[in-house]
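Engineer: coords please:
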Amino acid sequence: MKVLFTKYVFVLFLLPVVVIFLAIVLFFESGESYGINRTISFSGIGSVLFNPIYNSTAFFITYFLSFFTYLVIFIIRRRTHYQWSLLHFLFFTINFTVLCLNAENGFLIPLSVICFIFFILNIFKTTKNLSTINIIDNK
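Structural biologist: Residues are numbered from 1 along each chain as shown. Purely as a prediction, here's the structure:
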């Protein structure tokens, strides 16, 4: 489990894409469109925090940034910090679950920011610590 969170953490972040793809393929019929018919107001911070478009955008921006950064870390053969990767994945999973259950929750943007802070701390620990370089076995 530790190797999964330190070396292959990008695979864990690939799982939501696979889950969403399978849900679309299995549960949505072709030819129909789904959407939200709702008036969007820009009258204060409440309209930003409770707007599903802003919540989804904040989640997906942090998601793709962390996924591609973890992929680059894997390509350059570095290991991430175990505890920070575990915390980042835990908060990411909570954020993804809350977004799927209720996209109008006002806690999603702050949760995305907290998740991004854990991501930045993990990347900082990965690049700062020289022991995160993977050792290649020549057998």
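Engineer: pLDDT averaged over stretch 16-34 - what is it?
Structural biologist: Taken as a whole, stretch 16-34 has a mean pLDDT of 64.
Engineer: so what's Ala23 up against?
Structural biologist: With contacts defined as C-beta atoms under 8 Å, 6 or more residues apart in numbering, Ala23 is in contact with no residue. Every residue, glycine included, has its C-beta placed from N, CA and C.
Engineer: can you tell me the element it falls in?
Structural biologist: Using DSSP states H and E, Ala23 falls within helix 9-27.
Engineer: pull out the buried positions in that helix.
Structural biologist: By 16 or more other C-beta atoms under 10 Å, the buried positions in helix 9-27 come out as 9-10, 12-13, 16.
Engineer: now Arg78: phi and psi?
Structural biologist: Note on Arg78: backbone dihedrals following degrees, to the nearest 10 are phi -110, psi 160.
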